[in-house]
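>>> Sharing a sequence plus its predicted fold:
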Amino acid sequence: MGLLGAGTLLAAGGLRVYAGRPSHAHVAVVGGGFGGATAAKYLKILKPDLDVTLIEPNRRYYTCPFTNLYLGGLRDFESLGHDYRELQEDYGVRVVPDFAEDVDVDGRRLKLAEGSEIAWDRLILSPGIDFRWGALEGYDEAAAEKAPHAWKAGPQTHLLRRQLEEMEDGGTFVLVAPENPFRCPPGPYERVSLIAHYLKRNKPRSKVLLLDSKDNFSKQGLFMEGWEEHYGEMVEWVGLSNDGRVIRVDPDRLEVETEFGTIHRASVLNVVPPQKAGLIAHRAGVTDESGWVPVDPNTFQSRKAPGVYVIGDATEAAPMPKSGFVANNHGKVTAAAVVADLEERAVPKPTWANTCYSVIAPEWGITVANVYEVHDGELREVPGSGGVSPSGAPADFRRNEARYAEAWYAAISQDVWGTRPPG
Amino acid sequence: MESRVSAEVSFSVEAGLNMNNKNDKKQRLPTPVPESGPANPGRRRALRLLVAGLAGAALTGRTPGLANNRGSAAWERIEPARERLNGATPKDGAIKLDLPGVTQDGSAVPLTVEIDSPMSEDDFIEAVYLYAGGNPTPELLDVYLTPLVGRARFSTRIRLNKSQSVLALARTNRGEWLAGDREVRVTVSGCLSRDDTYDFDAVMRTRVRVPERLEPGQIGEVRTLIDHPMETGLREDGEGQPIPERIINEFRAEFNGKSVLKARLYRAISANPYLRFPIAPNGSGEATFHWTEDTGESVSESFRMETG
Ligand SMILES: Cc1cc2nc3c(=O)[nH]c(=O)nc-3n(C[C@H](O)[C@H](O)[C@H](O)COP(=O)(O)OP(=O)(O)OC[C@H]3O[C@@H](n4cnc5c(N)ncnc54)[C@H](O)[C@@H]3O)c2cc1C
């Protein structure tokens, strides 16, 4: 098992190397989001004597889930923040507020930005996504300051909210949606729904235009039904075959150009850019030419680097969507696989589940749910395991679904971060 | 995979009307009225179908294109490809196929074919044939190129019934054969599946983008799309009746009357056939694009292109 020897802090030529306790296996987890924080917690639940280090630069993590409710004026931003006190105090996870900069797979070391190193026996990466800046012409990091993505929760989310508040009544909000795969397949559609809600209340002469690089999207029929019901003409979706694919962004003029040459001008422009696995996955050499991480479906161990496990949005886990729900499931299944591996036991047979709730208007929710398994060495949906909410359902059904969404958020936050009531 | 029944998604197509501003130049034949199904000519209607893509292919229950000798080269395993080669052995790995390794939407998989060739009068790729051996019928697209494309590269969107390898064969003007293939994993995702409805009023509406002005010797890019369901003949309507095959089966691009690119489309080209290809015009003139449906109906569009 290659455990390192004595001491928690080894001096090696002036370099600080943290290796955990002698004769205890040490698992390092990168990223304290849905995947990483779950994995760290469940490693300790499954094997309390394990040494677990979580590396996450932010002391407070804000979830992407429910930022759309914040943008729509239905939720306070601080209610989306969570911290690592439960992991540290109740579960004994060592939380290091730093950024993992590089991985030495053969030497089983992790290099941190502040200069220290971590020696691990097993490594779990859950870094989420990064953007492929420039892959969409004109859309780079500087452009995002004018035309925000708000696809990571934080300053970008506030920027978009501010722009909506400053937008004139009668303006056009334009959202540019990417090709698959990307973080949160129903996310762009929930976002335009709740921004339409905000505009309908506050700037009712405005328009919402969604320019899409796809002809199909998640829960399409239900979204369109909801848009028609709540927002009528205000929301317009233009799919790929209707010249919805944007090929160029002009962040200064807030204009976008589609592939057949239509120029759309926005009052507020929200670009959800093409994506890839978080940087550390590329540094670790575990990504392939798609920019995502291929994994062994039973364990989520990297196909390229033994001992390195990758979970959450960074992975190629189709047909599972890139959702917080799935990342949380990955965290648990992979914690079990890592513990089994360390104890030299057979890996338990995994199953995963996902439910994506989307809120279209206050008290109006829709759902898609599925269960996943490994079949013939590949991930698949368990046949007949899931589905979407019925179309044409009565208002009390939709109200219940919106309440399930709220309850889900409270429950998963509890499960991942043990979030205590604010106080 | 289950099929789901839901409301007609007609809103999208109406709301999404966003026509190319060149439409007034279009010479268009009357939109044909579908011959089968509960037709109600003149009124827009959405046809409710089972599931996206070629999933209806399950009706046939077999894949005639796929022989049982795994381990051999992709071109050896697909019967119509072997017939096309007629005994010739292609140079394998000489065609670059750009396709996603994993796709969650088999109804529209983006595909780019690229071949290293000078595309000069005496050395060019004359034909490219694309196959998907795991589909109910393996033929995808035949493309005939001329030096007027400037570069042997084009893109389209295809239907893949299941995980399989996509094969390309190419023939040079000297009669040499090239081959290339690529594995694609197709996963069914309930998160993305939807009812496939179609607005027949839009059928045969075209979109084209051509460069209006090019420098001499510069290679421009053409994008074309035609609204069409590309009905495979393998699906059923809401009443369980088979929907007859109805596809665009030919596309031609010409410059001053000379062929730039010609394509034969099969039913595994995605709905709303899309073709993107280069153009290297030898002077100023008129670019014309023709689409033909298997009913014999056709549409053309012409654009002026200036060089220099
Ligand atoms: C608008 C929107 C709405 C959404 N709504 C939902 C929803 O309703 N339900 C749902 O299930 N999902 C939803 N999602 C998706 C969800 O946010 C993601 O799927 C989820 O966050 C993925 O978890 P993860 O652990 O892979 O990545 P993340 O949660 O992004 O966590 C990654 C963490 O790693 C840290 N990190 C990255 N690199 C390093 C490094 N090198 N060193 C140290 N730390 C690092 C980051 O700081 C971050 O905290 C939504 C997403 C968006 C954008």
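Alright, I've got the coordinates.

>>> where's the closest residue to the ligand within the stretch 101-250 of chain A relative to residue A:180, distance?
Closest to the ligand within the stretch 101-250 of chain A is residue A:128: 2.6 Å, counting by C-beta to the nearest ligand atom. In short, each C-beta sits where N, CA and C put it, glycine included. Computed as C-beta to C-beta, to the nearest Å, the residue A:128 to residue A:180 distance reads 17 Å.

>>> neighbour-wise, which of these two wins?
Higher neighbour count among residue A:128 and residue A:180: residue A:128, with 24 against 20, using other C-beta atoms under 10 Å in any protein chain shown.

>>> Please report phi then psi for the more buried one.
Residue A:128 adopts backbone torsions of phi 70, psi -150, taken as degrees, to the nearest 10.

>>> Look at residue A:271 and say how many residues are nearby.
By other C-beta under 10 Å, neighbour count at residue A:271 equals 28.

>>> Please name the bridge partners of it.
Taking DSSP bridges as the rule, residue A:271 bridges to residue A:176.

>>> Contacts only, for it.
Neighbouring residues of residue A:271 by C-beta atoms under 8 Å, 6 or more residues apart in numbering or on different chains: A:136, A:139, A:143, A:144, A:147, A:148, A:149, A:175, A:176, A:246, A:249, A:256.

>>> Please apply the same query to residue B:123.
Residue B:123 makes contact with B:117, B:172, B:173, B:174 under the criterion C-beta under 8 Å, 6+ apart.

>>> Quick one: which of those is the most crowded by neighbours?
In terms of neighbours by other C-beta under 10 Å, these top out with residue B:117 at 21 neighbours.

>>> Near the ligand, list only the ones from the contacts of residue A:271.
Applying C-beta under 6 Å from any ligand atom to the contacts of residue A:271, one finds that nothing falls near the ligand.

>>> Considering those residues, which is situated nearest to residue B:229?
Proximity of the contacts of residue A:271 to residue B:229 (C-beta to C-beta) peaks at residue A:246, which lies at 25.1 Å.

>>> Was I right to think the closest one contacts residue A:178?
No - contact criterion C-beta atoms under 8 Å: residue A:246 and residue A:178 do not qualify, at 9.2 Å.

>>> Work out which residue lies at the spatial centre of chain B.
Residue closest to the mean C-alpha point of chain B, counted by C-alpha atoms, centre = their mean, is residue B:269 at 3.8 Å.

>>> tally of neighbours for the residue in the stretch 201-308 of chain B that chain A sits nearest to?
Going by C-beta to the nearest C-beta, chain A is nearest to residue B:272 of the stretch 201-308 of chain B, at 3.9 Å. If you count neighbours by other C-beta under 10 Å, residue B:272 ends up with 24.

>>> Contact partners for it?
Contact analysis of residue B:272 by C-beta under 8 Å, 6+ apart lists A:215, A:240, A:241, B:225, B:226, B:227, B:228, B:230.

>>> One more pass at 7 Å, please.
By C-beta atoms under 7 Å, 6 or more residues apart in numbering or on different chains, residue B:272 lies in contact with A:241, B:225, B:226, B:227, B:228.

>>> Output these as JSON lines; include the columns secondary structure.
Output for the contacts of residue B:272, formatted as JSON lines (DSSP: H, G, I helix; E, B strand; the rest coil):
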{"residue": "A:241", "secondary structure": "helix"}
{"residue": "B:225", "secondary structure": "strand"}
{"residue": "B:226", "secondary structure": "strand"}
{"residue": "B:227", "secondary structure": "coil"}
{"residue": "B:228", "secondary structure": "coil"}
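
>>> What residues sit buried inside stretch B:296-304?
Neighbour-count burial for stretch B:296-304, counted by 16 or more other C-beta atoms under 10 Å in any protein chain shown, picks out B:299, B:300, B:301, B:302, B:303.

>>> near chain A, from the residues you listed?
Filtering these for proximity to chain A by C-beta under 7 Å from any C-beta of the partner chain leaves nothing.

>>> so what's residue B:100 up against?
When contacts are counted by C-beta under 7 Å, 6+ apart, residue B:100 is found next to A:290, B:109, B:184.

>>> Select only the buried ones of these in ChimeraX?
In ChimeraX, selecting the buried portion of the contacts of residue B:100, with burial taken from 16+ other C-beta under 10 Å, looks like this:
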select /B:109,184
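
>>> JSON lines please, covering the contacts of residue B:100 and showing distance to the ligand.
What follows is these, written out as JSON lines (distance: C-beta to the nearest ligand atom, whole Å):
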{"residue": "A:290", "distance to the ligand": "16"}
{"residue": "B:109", "distance to the ligand": "24"}
{"residue": "B:184", "distance to the ligand": "24"}
